[in-house]
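>>> Got a sequence here, can you build the structure:
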Amino acid sequence: PGCPLTWLTASMEIQVDVGDLLLPATVDLPTSPVRGPVAVLHGAEAGQQSFFCYLHLAQVLPAAGIAVQRYDRRPHVDDEDVPLDRQAGDAAAALNALRGHVGDVPIGLWGFSQGAWAAPLAAARHPEQVAFLILVSSCGVSPAKQMRFGTAQQLRRHGFAAADIAELNQLRAVVEEYLRGDGDRTAAQMVVDGYADRDWFSLGCIPQHLPEQPGTWCDMDFEPVPVFAQVSCPTHHQVTPRAREEEPAGLTSVVSAGPGSTSFRTKNPTRRRAGARAAWQAGWLARWHSLTGFIAFGRARR
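As a prediction, this is how the structure comes out:
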């Protein structure tokens with residue numbers, strides 16, 4: 001279609017063709033002309049389009065003229081995370097599907113947590129498709145570094161001592177080596193078993209039983225900064241106070257990485273749950289900033 005489909009008011013059930021699968025999806029369209037649609041990319045533990053945060057986006061953003069596409073992330077295989085590379089490819093396919101329902105308007109990606117790693121990867125690879133990024137709980141370091149720092153913060157927040165955090169770091173080093181494919185499972189599992197009765201163990205995000213095969217976490221050393229250096233579209237980073245505590249590099253490396261991007265930092269004054277808080281911030285951005293001017297400014301800097 002060559003023009004926005006502005007007369008549709010109900011949600012549309014569609015499918016996203018990602019080559020080997022058809023992923024169920026929903027497009028929520030505004031009653032006003034569509035100005036800046038977004039496709040939602042998922043958090044690690046929030047792969048379904050029915051996740052409350054994505055539903056909240058669909059309720060808030062259409063009132064500002066922004067269509068929202070939600071889709072189910074492709075299923076895990078053998079309980080492994082879907083690789084970021086594949087998630088980025090699926091995001092490009094989702095944008096193709098969304099384009100047919102909104103017409104010739106700028107389309108962006110809204111990435112949450114893990115999705116905030118996949119979204120810039122998609123934008124770097126498909127700059128002609130991605131007009132802007134909104135990244136919630138965006139992280140400027142690798143998943144392994146973030147988990148190392150974040151789990152240590154969890155122990156501190158729950159009152160554990162430095163000696164406990166040192167033990168956690170020793171355990172994580174062994175588990176990470178195995179997940180990279182460099183260690184022996186029997187030896188690594190013995191180390192896990194030796195720490196499993198610690199009071200802090202449940203806060204360490206360590207599986208009590210390691211995968212049968214090594215090398216199962218292919219993205220643990222993914223470095224986002226070089227990817228952001230290739231992103232030229234406007235980029236809005238939204239980080240909650242707790243997320244800032246759980247990421248060692250903050251946003252400094254990310255904000256300075258993209259030579260042609262426009263990055264923002266927001267502080268949310270509410271005390272809502274993290275997912276709802278992130279959705280509220282995206283709604284605030286849509287209501288109080290002219291998305292048309294936001295996109296035009298980024299285009300001018302390219």
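>>> how many other residues sit next to residue 136?
Using other CB atoms under 10 Å, residue 136 has 28 neighbouring residues. Quick note: C-beta positions are derived from backbone N, CA and C, even for glycine.
>>> Need phi/psi at it.
Main-chain dihedrals, residue 136, degrees, to the nearest 10: phi -110, psi 130.
>>> Surely it touches residue 109?
No: using CB atoms under 8 Å as the test, residue 136 is too far from residue 109 to be in contact (11.2 Å).
>>> quick one: the closest residue to residue 218 other than its chain neighbours from residue 54, how far?
Among residues not flanking residue 218 along the chain, residue 83 sits closest, at 5.4 Å (CB to CB, 6 or more residues apart in numbering). Distance, residue 83 to residue 54, by CB to CB, to the nearest Å: 21 Å.
>>> of these two, who's got more company?
Applying other CB under 10 Å to residue 83 and residue 54 shows that residue 54 carries more neighbours, namely 26 against 15.
>>> Okay, and the more buried one sits in which element?
Element membership for residue 54 (DSSP states H and E) is helix 52-60.
>>> Using CSV, list the CA coordinates for that helix.
What follows is helix 52-60, C-alpha atoms only, in CSV (Å, rounded to 0.1, in the frame of the first residue of the first chain):
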residue,chain,number,x,y,z
PHE,A,52,2.0,-7.1,29.9
CYS,A,53,4.6,-4.4,29.0
TYR,A,54,4.0,-4.9,25.3
LEU,A,55,0.2,-4.8,25.8
HIS,A,56,0.7,-1.5,27.7
LEU,A,57,2.5,-0.1,24.7
ALA,A,58,-0.4,-1.1,22.5
GLN,A,59,-2.8,0.7,24.8
VAL,A,60,-0.7,3.9,25.1
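>>> In that helix, which residues are buried?
53-58, 60 (16 or more other CB atoms under 10 Å).
>>> Just say helix, strand or coil for residue 27.
strand (DSSP: H, G, I helix; E, B strand; the rest coil).
>>> surely it meets residue 99?
No: taking contacts as CB under 8 Å, residue 27 lies outside contact range of residue 99: 10.8 Å.
>>> For these two, indicate the residue with more neighbours.
Higher neighbour count among residue 27 and residue 99: residue 27, with 24 against 16, using other CB under 10 Å.
>>> who are the neighbours in contact with that one?
Listed by CB atoms under 8 Å, 6 or more residues apart in numbering, the contact set of residue 27 reads 11-12, 14, 67-69, 98, 101-102.
>>> Skipping its backbone neighbours, what lies nearest residue 25 in space?
Setting aside the residues directly before and after it, residue 25 is nearest to residue 71 in space (CB to CB, 6+ apart), at 3.5 Å.
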